[in-house]
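[1] Using only what follows, build the 3D model:
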Amino acid sequence: MDKNQQSQLVDRLAEALIFSMQIPEGIQLVAIIGSGDEEDNQAAMKTWVHKNIEALEEETGKALLPILQDRLSLSLEQIY
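    As a prediction, this is how the structure comes out:
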């Protein structure tokens, strides 16, 4: 996923979370989930989503490694 696609994904997810969690306009979340530099709740939510996507990518990669190793072993067994 390139940076533009990831940015679009972050925007869509942040907007969906704001809608589904009924988060009001304002600045309440800036200090709680943002970095403190955001101008409003929407920007803070984007920061939070971005950080969490990065964390999930790392966790998912670690979780997938043993599965991929098993699948590779099976594929290689078919060759040998």
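[2] Not counting residues beside it along the chain, what's closest to the residue positioned nearest the centre of the chain?
    Taking Cα atoms, centre = their mean, the centroid of the chain lies closest to Ile53, which sits 1.6 Å from it. With sequence-adjacent residues excluded and distances taken as Cβ to Cβ, 6 or more residues apart in numbering, Ile53 is closest to Val10, at 6.7 Å. Just so you know, the C-beta spots here come from the backbone N, C-alpha and C atoms, and that holds for glycine as well.
[3] just checking, what packs against whatever helix or strand that neighbour lives in?
    Assessed by DSSP states H and E, Val10 sits inside helix 3-20. Contact analysis of helix 3-20 by 3 or more Cβ pairs under 8 Å, 6 or more residues apart in numbering; DSSP states H and E lists helix 41-79 as its packing neighbours.
[4] Report all helices and strands that the least confident helix or strand in the chain by mean pLDDT contacts.
    Lowest on mean pLDDT, DSSP states H and E among the helices and strands of the chain sits helix 41-79, with a mean of 93. Helices and strands touching helix 41-79, by 3+ Cβ pairs under 8 Å, 6+ apart, are helix 3-20, helix 30-33.
[5] Can you check which of the ones you listed gets nearest to Tyr80?
    Of all the helices and strands packed on helix 41-79, helix 3-20 sits nearest to Tyr80, with 38.7 Å by Cβ to Cβ.
[6] Pull out the buried residues from the closest one.
    10, 13-14, 18 (16 or more other Cβ atoms under 10 Å).
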